[in-house]
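J.: no sequence on hand, only this structure:
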């Protein structure tokens, strides 16, 4: 078995959380009387740090960004966190990893309390040996990958695979020195050019592709 530690992003990788995230952004707009952004820009909130997205799409300053983020997290915890769907085959894949003696973990830029709640809501939390999530310091995805490895006392980077749907995931894997599988069925890779510069051992265009690749890795 080539890979033994499988690290997953959350949004757009394990779960399609877009309905809850986008609806919560709309609630923030209404609550703060902010003109709504175009529908296509809402997808930009799935994956990156909230601070980055609110600043980018609304041109908000630091204090306003903090207010928007705090309101988003409050509303999302209360109403949006369970609004989504686990991608087909993900639970079975996690079971297969465990059965083969592998280890599964999550590295997400989502705030830790929200990430844990989301995984619990979707019945996935107990399947992971470690969860490295975003904090107010906004560590990079590379920091989160290293955090997972440190928590699990893992030193063999050649046996680690990072899977995610954005350049944050790919750049983090590259910096941390682990292999990467981009997931174009998620939200961060809108076209083939968006993968430029990211070395990948495989590209999953559908959840079924990721399931097959992981199972083949376990068998090989």
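T.: It's in. Everything numeric here is computed off the predicted structure, so don't read it as measured data. Residues are numbered from 1 along each chain as shown.
J.: what lies in contact with the worst-scoring helix or strand of the chain on mean pLDDT?
T.: In the chain, no helix or strand scores lower on mean pLDDT, DSSP states H and E than helix 39-42, which sits at a mean of 89. Residues outside helix 39-42 that contact it (Cβ atoms under 8 Å, 6 or more residues apart in numbering) are 21, 22, 25, 26, 57. All C-beta spots, glycine's among them, are computed from the backbone N, C-alpha and C.
J.: number of nearby residues for the last one?
T.: By that I understand residue 57. Residue 57: 15 surrounding residues under other Cβ atoms under 10 Å.
J.: let's have the contacts of helix 39-42 in CSV, adding distance to residue 212 and secondary structure.
T.: Converted to CSV, those look like this (distance: Cβ to Cβ, whole Å; DSSP: H, G, I helix; E, B strand; the rest coil):
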residue, distance to residue 212, secondary structure
21, 28, helix
22, 29, helix
25, 34, helix
26, 36, helix
57, 36, helix
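J.: is there a quick ChimeraX command that grabs whichever of the residues you listed are buried?
T.: Selecting only the buried entries of the contacts of helix 39-42 in ChimeraX, with 16 or more other Cβ atoms under 10 Å as the criterion:
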select :21,22,25
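J.: now, which of the contacts of helix 39-42 sits nearest residue 117?
T.: residue 21 (13.5 Å; Cβ to Cβ).
J.: isn't the closest one up against residue 80?
T.: Yes: shown here, residue 21 and residue 80 form a contact pair, counting by Cβ atoms under 8 Å, at 6.7 Å.
J.: check what pLDDT the residue lying farthest from the centre of the chain gets.
T.: No residue in the chain sits farther from the centre than residue 33, which is 29.2 Å out by Cα atoms, centre = their mean. Looking at residue 33, its pLDDT reads 95.
J.: quick one: it from residue 152, how far?
T.: Note on residue 33: its distance to residue 152, by Cβ to Cβ, to the nearest Å, is 46 Å.
J.: which stretches of the protein have low pLDDT?
T.: Within the chain, the stretches with pLDDT under 70 are 136-138.
J.: need the strands for it, in chain order.
T.: 5-8, 15-16, 85-86, 103-111, 130-134, 160-164, 179-182 (DSSP state E).
J.: strand partners (parallel or antiparallel) of the third one?
T.: Just to be clear, that refers to strand 85-86. Strand 85-86 has the following sheet partners, assigned by DSSP bridges: strand 15-16 (antiparallel).
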